[in-house]
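Q: below: sequence and its predicted model.
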Amino acid sequence: MHYRGTLTLLLGALIACTPAERQSTTQDHAVQVSQAAYDAMPRYALTRRTPLCADMHAEECLFRDIDIAFGGPHGRAYLGGMGERLREFDSTGKFVRYIGGIGEGPGEYRLLAGGGADSAGDVTIFDMRLFRLTSYAPDGTLLTSARVDTTPLGLTSWRVVGRDIVFFVLPPAAASGDTVQAAFLDVRADGRPGPVLRSLPAPALHAAVAKHVVSATDLVQPAPLFKPSPSWDANAQGAIIFAPGERLAVTRYDPGDSVPFELSVNLEPRPVTSADVEAEVSRLSKPSPGAPAAMEQAWKASLERQARNAAKVFPMIRNVRLLDDGTIVIREWATHDAPRARWDLFDSTGHGLAYLDLPSGTRIAAGDLHRLLVVSHDADGVAHAGWSTLVLQ
């Protein structure tokens, strides 16, 4: 990963914050946003300026879904789906080429699970099936390919940043929810682990399996209903943001800065009621066609444990994004049946810029405050992507 120092501030705040609305420390390493300031954030909408692949009937424009979306230099964009080939588009949204192919040979991949481009235009992808990191030159020719050794990691998620990949390593604990020492580990393009970028305490998502396994159900360690999951992101400047999820709060770790930057919004989470638990159990209890009876019974027992241990309050964050200009994007948590979700945008100093009210199937994938790469779905569930801009409503 190539670090370029601290984040560059490209935009001023879209709204002014008075000292009463936004409180910070003398070193400006902690910002608390009041509910009044949060409520006063202006509402913006997205206007698509440059659709990627306008001819949706062309073969290169057909996706089962767009799972991978990232930008590159000169306004380029890259889209892909798990089990599909990566596609490159120029700054006008025109299809340029396929990158790599499906398979296990040189330059091929089985299950595309992440990608990124560096400032030179080299593209790197991560194959989750083969656990292989592969890089291509700007013209699509193969540069390097290396298997990533994750045996000691116990990783949970990853991001391709430039030609490196960052893994979030979250070890198991004696019980789900116990505090463990998590770490962000940089792995180089040759597949070898690099330095630990940051380590921090975090709640474990799963428990260690007992040495003496009595039955298959002992291997199931279900998370309680409505348990928050950590979310994080990293950008090419070497910054990492992390959100445990139970509060509307994000911590940013900047390279070369020993004190993390903390952004929090003074909002109380919504309590989980018995009706909420019943509704979620009902949603998850729908039988799977053709599933064996034993599997259905095991799932039912697992779901009962999840319901008994349900969280007392709803999570507040679904996921976060760290844009190229340092803008922090927070997608607030919403139930699975909610048709829309709120997205909050803060600049790198913690000023509230705006919020968006987007359909639940829409997500901000990359870009900066001037130009956002957005993935969405139409009424038929067909995935689309394009560059969008913010418009005040």
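A: On my side now, so go ahead.

Q: so what strands line up beside the helix or strand containing Phe167?
A: According to DSSP states H and E, Phe167 maps onto strand 164-169. Strand 164-169 has its sheet partners listed here by DSSP bridges as strand 155-161 (antiparallel), strand 179-187 (antiparallel).

Q: deepest-packed of those, please.
A: Comparing the strands paired with strand 164-169 by mean neighbour count (mean count of other Cβ atoms under 10 Å), strand 155-161 ranks first with a mean of 20. All C-beta spots, glycine's among them, are computed from the backbone N, C-alpha and C.

Q: run through who's touching that strand.
A: Residues outside strand 155-161 that contact it (Cβ atoms under 8 Å, 6 or more residues apart in numbering): 1, 70, 113-116, 124-126, 133, 165-170, 185, 205, 232-236.

Q: that older thread, want to throw the strands paired with strand 164-169 into TSV with distance to Val382 and mean pLDDT?
A: Formatted as TSV, the strands paired with strand 164-169 follow (distance: least, Cβ to Cβ, whole Å; pLDDT from 0 to 100):
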stretch	distance to Val382	mean pLDDT
strand 155-161	26	86
strand 179-187	35	86
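
Q: what about the residue nearest to Ala236 when sequence neighbours are not counted, how many neighbours?
A: Leaving aside its sequence neighbours, Ala236 sits nearest to Gly162 (Cβ to Cβ, 6 or more residues apart in numbering; 5.6 Å). The tally of other residues near Gly162 (other Cβ atoms under 10 Å) stands at 21.

Q: let's number from 365 now, not from 1
A: In the new count, where the first residue is 365, that last one comes out as Gly526.

Q: and the gap between Gly526 and Pro437?
A: 11 Å (Cβ to Cβ, to the nearest Å).

Q: hey, what's in contact with both of the two?
A: Taking Cβ under 8 Å, 6+ apart as the criterion, Gly526 and Pro437 both touch Ala481, Ser483.

Q: for Gly745, what is the enclosing helix or strand?
A: Per DSSP H and E: Gly745 is located in neither a helix nor a strand.

Q: and it, how far from Pro567?
A: Where Pro567 is concerned, Gly745 sits at a distance of 34 Å (Cβ to Cβ).

Q: looking at the two, which is more packed in?
A: A side-by-side neighbour count of Gly745 and Pro567, using other Cβ under 10 Å, places Pro567 first with 19 against 8.

Q: list the contacts for Pro565?
A: By Cβ under 8 Å, 6+ apart, the contact list for Pro565 reads Thr543, Val544, Gln545, Ala546.

Q: can you put those residues in TSV and add distance to Tyr617?
A: TSV is the format used below for the contacts of Pro565 (distance: Cβ to Cβ, whole Å):
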residue	distance to Tyr617
Thr543	18
Val544	18
Gln545	15
Ala546	12
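
Q: regarding Asp621, what is its secondary structure?
A: Recorded secondary structure, Asp621: coil (DSSP: H, G, I helix; E, B strand; the rest coil).

Q: which neighbouring elements make contact with the lengthiest helix in the chain?
A: If you go by DSSP state H, the chain has its longest helix at helix 657-672. Using 3 or more Cβ pairs under 8 Å, 6 or more residues apart in numbering; DSSP states H and E, the elements in contact with helix 657-672 are helix 638-648.

Q: send the alpha carbons of the helix it packs on over as PDB?
A: What follows is helix 638-648, C-alpha atoms only, in PDB (Å, rounded to 0.1, in the frame of the first residue of the first chain):
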ATOM      1  CA  SER A 638     -40.700  -8.900  21.500                       C
ATOM      2  CA  ALA A 639     -42.800  -8.100  18.400                       C
ATOM      3  CA  ASP A 640     -39.500  -7.200  16.500                       C
ATOM      4  CA  VAL A 641     -38.100 -10.600  17.500                       C
ATOM      5  CA  GLU A 642     -41.200 -12.500  16.500                       C
ATOM      6  CA  ALA A 643     -41.300 -10.700  13.100                       C
ATOM      7  CA  GLU A 644     -37.600 -11.500  12.400                       C
ATOM      8  CA  VAL A 645     -38.100 -15.200  13.500                       C
ATOM      9  CA  SER A 646     -41.000 -15.400  11.100                       C
ATOM     10  CA  ARG A 647     -39.000 -14.000   8.300                       C
ATOM     11  CA  LEU A 648     -36.100 -16.400   8.800                       C
END
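
Q: ok so, going back, for Arg511, find the nearest of the strands paired with strand 528-533.
A: Closest approach to Arg511 among these (Cβ to Cβ): strand 543-551, 10.8 Å.

Q: buried sites along stretch 411-424?
A: Applying a neighbour-count criterion of 16 or more other Cβ atoms under 10 Å, one finds Arg412, Thr414, Pro415, Leu416, Cys417, Glu424 buried in stretch 411-424.

Q: oh, I was asking about stretch 627-641
A: Using 16+ other Cβ under 10 Å as the test for burial, stretch 627-641 gives Leu627, Val629, Leu631, Pro633, Val636, Asp640, Val641.

Q: what's the nearest residue to Leu756 if we skip its chain neighbours?
A: Excluding its sequence neighbours, the residue lying closest to Leu756 (Cβ to Cβ, 6+ apart) is Tyr408, at 5.7 Å.

Q: the one you found contacts Asp721, doesn't it?
A: No. Using Cβ atoms under 8 Å, Tyr408 is not in contact with Asp721, being 9.2 Å away.

Q: neighbour-wise, which of those two wins?
A: Comparing Tyr408 with Asp721 by neighbour count (other Cβ under 10 Å), the higher total belongs to Tyr408, at 19 against 12.

Q: hang on, the more buried one in a strand?
A: Yes. Under three-state DSSP, Tyr408 falls within a strand.

Q: so it versus Pro557, what's the distance?
A: Taking Cβ to Cβ, one finds Tyr408 at 41 Å from Pro557.
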